[in-house]
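Asker: Structure of the sequence below:
(chains A and B)
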Amino acid sequence: MNFNLKSYMQRVEYVEVKERGKMKAQGKAIKYGDNVDTDVIIPARYLNTSDPNELAKHCMEDIDTEFVSKVQKGDIMVAGKNFGCGSSREHAPIAIKASGISCVIAETFARIFYRNAINIGLPIIECPEAAKDISDGDIVSIDFDTGKIVNVTKNKEYTGVPFPEFMQEIIASDGLIGYIKKQIGNKEA
Amino acid sequence: MGMTMTQKILADHAGLDKVSPGQLIKAKLDMVLGNDITTPVAVKEFRKIGVNKVFDVNKIAIVPDHFTPNKDIKSAEQVKFIREFAREMGIVNFFEVGQMGVEHALLPEKGLVVPGDVVIGADSHTCTYGALGAFSTGIGSTDMAAGMATGEAWFKVPEAMKFVLKGKPGKWVSGKDIILHIIGMIGVDGALYRSMEFTGDGVAHLSMDDRFAMANMAIEAGAKNGIFEVDEKTIEYVKEHSTRQYKVYKADEDAEYVATYEIDLSQVKPTVAFPHLPSNTRTIDNVGNIKIDQVVIGSCTNGRIEDLRVAAEVLKGRKVHKDVRCIIIPATQKIWKQAMNEGLFDIFIDAGAAVSTPTCGPCLGGHMGILAKGERAVATTNRNFVGRMGHPESEIYLASPAVAAASAVLGRIGSPDEL
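Answerer: Below is the predicted model:
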């Protein structure tokens, strides 16, 4: 399985680079339930700005007032079904990314959130097994080269659903804007 | 194997004879939409691409509707930023306060979407235009930026679910009740990544406003799009509003559906979605005694003229309950004027309701009717998530305009039949 997440991850500054270029993230799991909607990820009352750091200050506050104070760089958000449902606001993945979360693992993602996360470079992995099994506070490490998720606390391993090839191209181009730039460049050349 | 309506539209716009579910395609866009919240981010991303013009100045619509008329300085700055972008690019369809409306009521009314179109919008309720037999779907700001630059977007061809509507809905049962009934049945992720295709002889009994309300809430079942078969009513609507060329797509006889549901509209009852999910539905006879503080009638789901007429029919000669604030928001300037000319405002104001200029306002907890801690609202909007209309400990009950208006009078959730 090829996740081809390397260049995708290079934009995530806090991901540890180990063993000559191996991209990994490790952090504490912060767990939520099903149907986490974009209104609770970032309430609309804060959408009069698109500044990532401003948005991060209010991330998750309507379902978890502690989140902003407890989240540490590299932590991993874990959730159930239909994560990111609701509004198309790209501010939601932007807020999560700016809060320091290195990856979101969920059973399933709502489709607009899925697109937006890839487009802006918030790593996401669909993995029902991991999403169900990981408990809040577990130490989890993710190998973005193989898609392997390791639950260090429980000593268990899970494998996520890989991205389709086309999406890997977007990821390899550093997101949608990079991909479009490449396309336009090719046309002109 | 044949294709569904959605698959045919996508195939045509991708220049392909045939597409299959799961296939990734690049499709040409007939319209790219954004609002005052999503467009600022899109403009920043657009600048990074390094092109100095948009793909077509006529095929982009920017509608500042969420926090407008500007609710605070930051909102004003955001609108100013996108207004300047629209001017610089020469974007024709930038709708200023005074001409604007809630985007998904406005675009069809302005004739900017016709059957057979492919539309993306940086607003999740862009799926509304499926009522016209168009493929339309919500995307984020970066996709909007890419769409404005290239006139194309990538899509995964969706699988489809078929909803065969039969029979005629009863008095006080609207498109809103039908779609809440369906979401209650299949869940908020029941149509995840799929298209919801509405067909059957029952469609003929649904007005365009009913269909807009239904397609609008396809996203609340997780769908990529909702789409109605085009009939005489659709054509009549399109001819009345647009001079653009349209194309009618019909699903093949042997099109594949992952699920088919038959819904007898005569059996659907007025339906209310309880907090905090649109799928948490109960029929009106099972709501119990829920006292309320506010009623909102408006939004891209139910702020159209028929919605206001139904509300007026219920409120006529009656008074809003002393413990309730009733806020009515016609979705566009045109609807506002029509409601005024039909005398609906006299009815609303005599009943003790407030009438607002068009805005998304309270639907997303922006302004014009925010809820305090512990308050409850009945709203004709589309989402009842935690904190959506204000304080995280407030509650939203989604309902039709008829039920919302009746509830305003009763001071609790109830049906017009109880008045």
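
Asker: From residue B:315, how far off is residue B:350?
Answerer: Distance of residue B:350 to residue B:315, given as CB to CB, to the nearest Å: 8 Å. C-beta coordinates here come from the backbone N, C-alpha and C atoms, glycine included.

Asker: right, is the longest helix along chain B up against chain A?
Answerer: Across chain B, the helix with the greatest residue count (assigned by DSSP state H) is helix B:73-89. Yes - for a cut-off given as CB under 8 Å from any CB of the partner chain, helix B:73-89 has contacts with chain A, namely B:74, B:75, B:78.

Asker: just curious, which of the residues you listed is nearest to chain A?
Answerer: residue B:74 (3.7 Å; CB to the nearest CB).

Asker: residues contacting the residue nearest to that closest one when sequence neighbours are not counted?
Answerer: Nearest-residue entry for residue B:74: residue A:48, 3.7 Å, with adjacent residues in sequence omitted and distances by CB to CB, 6 or more residues apart in numbering or on different chains. Each residue near residue A:48 by CB atoms under 8 Å, 6 or more residues apart in numbering or on different chains is listed here: B:67, B:71, B:72, B:74, B:75, B:78.

Asker: Next, please give the residue ranges for the helices of the stretch 301-419 of chain B.
Answerer: For the stretch 301-419 of chain B, the helices identified by DSSP state H, counting those that start in this stretch occupy B:305-315, B:333-341, B:344-351, B:401-410, in order along the chain.

Asker: Include distance to chain A and mean pLDDT when you put these into JSON lines, please.
Answerer: Shown next, in JSON lines, are the helices of the stretch 301-419 of chain B (distance: least, CB to the nearest CB, whole Å; pLDDT from 0 to 100):
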{"stretch": "helix B:305-315", "distance to chain A": "22", "mean pLDDT": "98"}
{"stretch": "helix B:333-341", "distance to chain A": "23", "mean pLDDT": "98"}
{"stretch": "helix B:344-351", "distance to chain A": "26", "mean pLDDT": "98"}
{"stretch": "helix B:401-410", "distance to chain A": "21", "mean pLDDT": "98"}
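
Asker: Can you say which of those helices is packed in most?
Answerer: Sort these by mean neighbour count, taking mean count of other CB atoms under 10 Å in any protein chain shown, and helix B:401-410 sits at the top with a mean of 28.

Asker: So which elements touch that one?
Answerer: If contacts are counted by 3 or more CB pairs under 8 Å, 6 or more residues apart in numbering or on different chains; DSSP states H and E, helix B:401-410 sits against strand B:294-297, helix B:305-315, strand B:376-379.

Asker: Among those, which comes closest to residue B:368?
Answerer: Taking CB to CB as the criterion, residue B:368 comes closest to strand B:294-297 out of the helices and strands packed on helix B:401-410, the separation being 8.8 Å.

Asker: ok, back up a step: I'd like the helices of the stretch 301-419 of chain B laid out as CSV, including distance to residue B:287.
Answerer: Below are the helices of the stretch 301-419 of chain B laid out as CSV (distance: least, CB to CB, whole Å):
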stretch, distance to residue B:287
helix B:305-315, 16
helix B:333-341, 28
helix B:344-351, 22
helix B:401-410, 9
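
Asker: and the host helix or strand of residue B:154, anywhere near chain A?
Answerer: Residue B:154 belongs to strand B:152-156 when elements are defined using DSSP states H and E. Yes - contact between strand B:152-156 and chain A is present through B:154, B:156 (criterion: CB under 8 Å from any CB).

Asker: ok now that strand, how far from the chain's centre?
Answerer: In terms of CA atoms, centre = their mean, to the nearest Å, the centre of strand B:152-156 is set 22 Å apart from its chain centre.

Asker: picking up where we left off before, residues of the longest helix of chain B that come out buried?
Answerer: With burial defined by 16 or more other CB atoms under 10 Å in any protein chain shown, the residues of helix B:73-89 counted as buried are B:75, B:76, B:78, B:79, B:81, B:82, B:83, B:85, B:86, B:89.

Asker: Retrieve the pLDDT associated with the third one.
Answerer: This means residue B:78. Residue-level confidence at residue B:78 comes out at 98, pLDDT.

Asker: near chain A, which residues of the stretch 201-350 of chain B?
Answerer: Those residues of the stretch 201-350 of chain B that sit near chain A, judged by CB under 8 Å from any CB, are B:219, B:222, B:224, B:277.

Asker: Longest strand of chain A, counting residues only.
Answerer: Across chain A, the strand with the greatest residue count (assigned by DSSP state E) is strand A:22-31.

Asker: can you give me the helices in chain A?
Answerer: According to DSSP H, chain A carries its helices in the segments A:6-10, A:38-41, A:52-56, A:67-70, A:91-98, A:111-120, A:128-133, A:165-172, A:176-188.

Asker: In JSON lines: these, plus mean neighbour count.
Answerer: Putting these into JSON lines (neighbours: other CB atoms under 10 Å in any protein chain shown) gives the following:
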{"stretch": "helix A:6-10", "mean neighbour count": "18"}
{"stretch": "helix A:38-41", "mean neighbour count": "27"}
{"stretch": "helix A:52-56", "mean neighbour count": "17"}
{"stretch": "helix A:67-70", "mean neighbour count": "13"}
{"stretch": "helix A:91-98", "mean neighbour count": "26"}
{"stretch": "helix A:111-120", "mean neighbour count": "26"}
{"stretch": "helix A:128-133", "mean neighbour count": "18"}
{"stretch": "helix A:165-172", "mean neighbour count": "18"}
{"stretch": "helix A:176-188", "mean neighbour count": "16"}
